[in-house]
Each structure stands twice: as C-alpha cells, then as structure tokens.
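Compute the structure for the input listed below.
(one chain, ligands or ions: 1)
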Amino acid sequence: MSVLSGKVQTVLGLVDPDQLGRTMTHEHLVMSFECSYTAPPPGDEAVAENPFQIQHMHWLRQHPYSCRENLFLSQELSALRDELLAYRKAGGGTIVENTTTGIDRDLPALRQLAKDTGVHIIAGAGYYIDCTHTEATKKMSVEKLTDNIVSEVLHGTDGTDIRCGVIGEIGTGWPITESEKKVLRATAHAQSQLGCPVIIHPGRDPAAPAEIIRILQEAGGDISKTVMSHLDRTIFDEGELLEFANMGSYLEYDLFGTEMLNYPFNLKVDMPSDSQRVRTLAFLVKEGYEDKVLMAHDIHTKNRLTKFGGHGYSHILKNIVPKMLTRGITQHQVDKILIDNPKRWLTFK
Ligand SMILES: CC(=O)NCCS(=O)(=O)O
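Below is the predicted model of the structure:
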C-alpha cells in the first residue's frame, strides 16, 4: 500500500475521493495546441488573422485550428478563473486537466487557478502525440520513460513540486508510431507500480482504441483504471462500440460543445452533434455500461471559452444534463456518470 492509496492527487495535494463532486474528466485550462495548426481554406486568410469578432464566430467554430491565436488557451488566465468560478456555481467540483508534455503544461498556473477558485484540479503526467515528442524523448528507453512518468506523479514535474494525479492524456496517432508505443508501454509499467488512473487520446480510426488497449494489456496495464477518450469522433458503429466497451476501459464522450461540419484531422469523420452524443450515451446506459461512461468538453481552443462566445466548462451541467434526463437517462445514472465513475477512476489503488 502506498501513501497515495485510497486518495486522489490534486495540484494542491491529496484529497479524499468524496470531496470531488461533479467531475469533468477531460479538459484543458492552460495549454497551447500549435502542433495542430491547419491552414485556413483559400480566401479565408484575412478572417483567420482577425478572428475574435462577432461576425467571425461561426467561421471560428467551423475552423478552430486555422487561426493561430485561437490555439493559445495559456494566454487566458483571467478568463479561465471566471470560467472555473462559473463552473463551481453551476455545481461543478473537479476538473481533470489533461495537458501533458508537448502541449505546454503549466503546473504553477494550475495550482494558482485551484487556489483562486476552489475547484479541484488534477494534472496529467506523460507525453502527447508523436509530433510533439522531442528527439531526446524519442531516444528514451521504456524504462527511462517509465521513471519520468512515475516521478511526475510521486515527486512533481516541470521543475516544480506539483504532482500529477493521472497519467495522460497519452497521445497516439494512427497508425501508432514506435515512439508512441514506447510511451504506452511506459504508461502501463508506471500504472502497475502506482495503481493510478490512466487516460488515452486515440488516433482517429475506429481500430485505434482496441489496438491501444491490447498494447497496454500486454505491458501489464490495468484496463479497468484506464479511460479511452474522444470516442465521439472515433467509433460510430454500435456493434463495434459494444465490442470495444467489452474490453473493460472507461468510455469517454468528451467533445460536448464541438459542432463542426468538416473535421480537419480526418475528413471522413462526421463530427456528431450534442444530441447525437446524448443518444449514444443513452444507448450505452441501456446496454449496461452506466458504470463505465464519462463526459467532458475537452476545451482546448479559445473560441470555446464564454469570453469568446463559446459554451464554457458549464455546458454539460447546464444544458446537456437536462437533455439527458429527457432521453431515458435517470438522475441516478447521471450522478454515476458525473460523480461516482470519475471518483472510482481517480482513486489510487
Ligand atoms: C487536445 C486534444 O488532443 N484534443 C483532441 C481533439 S480531437 O479532435 O478529438 O482529436
């Protein structure tokens, strides 16, 4: 038994799991997403240079990655403070901040936001997708990567004593690269030492989540304490979804608030609407997976903050939950999804 056992680790220290309350398991507060910049459609360059005006809001929702300025959440600390206060007022208790090495994690800023707002913030250890791995990271052995991840949880990270409370989001693309496979194996090794929660960003292919689970399993990972993120843009066929659900991970629908006609990272994907996401959650609950479902917004661009006309971190609590209740999901099941499942996942073994 470790000192972490039975506890949840926030950026302000260990807390009792019962203190978490309603939890968004996949958000970002302070990060940059420059690695995913995509050139604007021809003719739209001028809009992309001057995006934050009311007449450009629709364009920005459709092309969030085509405007560099939109990719720096890290510049919005004051707006984020207001967002977190509003989240608390709406009944929120905890946010899992999924920013890992490669997308500009800022632990001191997270600690300050937690102090200022009273929201529990849990930081993520490990590495994002291959194109953000440095040459040094790519050369590291699985053992060295494991030691680094374990140290981020036990001792603190990025030159601070602030400790991470989950491993992830661990980034993978499709196909999964050799460097990403090493990080996945290191994640599993670190998890088996620490008994900690893990969260994964899969590549944009329906086969990606199952392949990741196989790699983690072979390396000794605990799938029952692992979250598969972004299922809303990854698995669409109900049969395939049930087959994946049967592998035993948590099933996360975390792009609530994202409505986009052409998904630039995979044009074959039809990004679902929030109504379609709720329908999929109702399907999973009906099929018996109410103890496995998790929800979030995965805010990672400025235009999704209320300051810029976006839905903010309270959208699920204020708008989606009432909709779920009209679609056959009970209050008891909503509480499982927003309180009990995150609490179970986040508690160290
Ligand atoms: C920050 C991050 O990785 N977001 C995921 C965006 S995606 O479109 O679902 O891949």
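
How about the contacts made by H201?
H201 makes contact with N98, Y128, I129, G168, E169, I170, G171, T172, S229, H230, according to Cβ atoms under 8 Å, 6 or more residues apart in numbering. Every residue, glycine included, has its C-beta placed from N, CA and C.

Try it again at 7 Å.
Applying Cβ atoms under 7 Å, 6 or more residues apart in numbering to H201 gives the contacts E169, I170, G171, T172, S229, H230.

Equivalent analysis for S314, please.
For S314, the contacting residues are A86, Y87, A90, G92, by Cβ under 7 Å, 6+ apart.

Then M57?
Going by Cβ under 7 Å, 6+ apart, the list of residues near M57 reads G309.

doesn't Y250 make contact with Y289?
No - when contacts are counted by Cβ atoms under 7 Å, Y289 is not listed as touching Y250 (9.4 Å).

where do the strands sit along the stretch 151-300 of the chain?
Along the stretch 151-300 of the chain, counting by DSSP state E, counting those that start in this stretch, strands occupy 166-171, 198-201, 226-228, 250-253, 293-295.

To the ligand, which of those strands lies closest?
Of all these, it is strand 198-201 that lies closest to the ligand, at 5.1 Å by Cβ to the nearest ligand atom.

Does the ligand have contacts with the closest one?
Yes - with Cβ under 6 Å from any ligand atom as the criterion, the ligand is reached by strand 198-201 at H201.

Pull up the pairing partners for that strand, direction included.
Here strand 198-201 has these sheet partners by DSSP bridges: strand 166-171 (parallel), strand 226-228 (parallel).

Contact partners for K182?
So K182 contacts V142, L145 (Cβ under 7 Å, 6+ apart).

Show the pLDDT at it.
Per-residue pLDDT puts K182 at 98.

next one: V3
So, for V3, pLDDT stands at 87.

right, and the strands of the stretch 151-300 of the chain - which one's nearest H63?
strand 198-201 (21.2 Å; Cβ to Cβ).

Look at T23 and tell me its secondary structure.
Secondary structure, DSSP: H, G, I helix; E, B strand; the rest coil: T23 is strand.

show me what contacts it?
Neighbours of T23 in contact, by Cβ under 7 Å, 6+ apart: G93, T94, V96, L338, I339, P342.

Helices - which of the residues you listed land there?
Using DSSP state H, the subset of the contacts of T23 located in helices is P342.

Now narrow the contacts of T23 to whatever sits close to the ligand.
Counting by Cβ under 6 Å from any ligand atom, no member of the contacts of T23 is near the ligand.

Of the contacts of T23 - the most surrounded one?
V96 (31 neighbours; other Cβ atoms under 10 Å).

Could you give the bridge partners of it?
I122.

quick one: it and I122 touch, right?
Yes - assessed by Cβ under 7 Å, V96 is found in contact with I122 at 4.7 Å.

Need the overlap of contacts for those two.
V166.

Quick one: closest of the strands of the stretch 151-300 of the chain to D274.
The nearest among the strands of the stretch 151-300 of the chain, by Cβ to Cβ, is strand 250-253 at 9.8 Å.

okay, among the contacts of H201, which ones form the most distant pair?
Every pair in the contacts of H201 was compared (Cβ to Cβ); the two farthest apart turn out to be I170 and H230, at 12.3 Å.

higher neighbour count, those two?
Between I170 and H230, counted using other Cβ under 10 Å, I170 has the larger neighbour count: 29 against 22.

Distance check, the more buried one against D147.
16 Å (Cβ to Cβ, to the nearest Å).

what's in contact with the helix or strand of the chain at the bottom of the mean pLDDT ranking?
Across the helices and strands of the chain, mean pLDDT, DSSP states H and E gives its lowest value to helix 45-49, namely a mean of 91. Outside helix 45-49, the residues that touch it by Cβ under 7 Å, 6+ apart are P40, H56, W59, S66, C67.

part of a helix, is the third one?
What that stands for is W59. Yes - the assignment for W59 by three-state DSSP puts it in a helix.

now G165, nearest residue through space, not along the chain?
Distances taken as Cβ to Cβ, 6 or more residues apart in numbering place Q9 nearest to G165, at 3.5 Å, with adjacent residues excluded.

The helix ranked longest in the chain: which residues count as buried?
Across the chain, the longest stretch assigned as helix under DSSP H is helix 178-194. Buried residues in helix 178-194, counted by 16 or more other Cβ atoms under 10 Å: 179-191, 193-194.

Report whether that helix contacts the ligand.
No - against the ligand, helix 178-194 shows no contacts by Cβ under 6 Å from any ligand atom, the least distance being 13.3 Å.

Going forward, count from 784.
With the count now opening at 784, the last piece we talked about shows up as helix 961-977.

Distance from the chain centre to that helix, please.
Computed by Cα atoms, centre = their mean, to the nearest Å, the chain-centroid distance of helix 961-977 equals 18 Å.
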